[in-house]
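Participant: Below is the sequence, then the predicted model.
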Amino acid sequence: MEPHPLFPGVGLQAIGGDQVLLCRVVYAPGTTVRRHAHEATEQVMWIVDGTMSMTVDDETRRLGPGDLVVVNRGVEHELSSENGVTFVEALAPVPRDHVPDAERDLVLGDLGGALHVER
């Protein structure tokens, strides 16, 4: 299936359960996602192709294939990619705003998504 457009220049494919969401994220060349924080969600990212600059709190690094990043909940961060980048990210608890289609992209267990958060 085609990636869901999360932001301009950002495509996302997602699958999640009750407690974690796993996404494949593709940034088009020239994409920037402004400084923001996920108040209730922790984010772990694994860069698989391309490069990007990422600022977490006040530290900026250039990242490429094989690099890993952890952004704890509530920590401000921003990302930009001059030539495009693809990464896999895991988010927990599941932020509903990152789920393109809850009927298709979530496989819920006995918790029925009760631990999910809005963002």
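Facilitator: Yes, it's here.
Participant: ok, Val117 - contacts?
Facilitator: Ala40, Thr41, Pro93, Val94, Pro95, Arg96 (C-beta atoms under 8 Å, 6 or more residues apart in numbering). (Glycine included, C-beta is placed from N, CA and C.)
Participant: And for the first one, the neighbour number?
Facilitator: By other C-beta atoms under 10 Å, the residues close to Ala40 number 16.
Participant: try the last one
Facilitator: For Arg96, the tally of surrounding residues (other C-beta under 10 Å) stands at 15.
Participant: again, but for the fifth one
Facilitator: Neighbour count for Pro95, taken as other C-beta under 10 Å: 19.
Participant: And it, how far from Thr51?
Facilitator: Distance of Pro95 to Thr51, computed by C-beta to C-beta, to the nearest Å: 25 Å.
Participant: Show me where this structure has its strands.
Facilitator: Secondary structure of the chain (DSSP state E): strands at 4-7, 10-16, 21-27, 31-36, 42-50, 52-56, 59-63, 68-71, 77-81, 85-92.
Participant: Which residues does Glu42 form beta bridges with?
Facilitator: Per DSSP bridges, the residues bridged to Glu42 are Ala92.
Participant: what sits against it?
Facilitator: The contact partners of Glu42, taken as C-beta under 8 Å, 6+ apart, are Val70, Val71, Asn72, Arg73, Leu91, Ala92.
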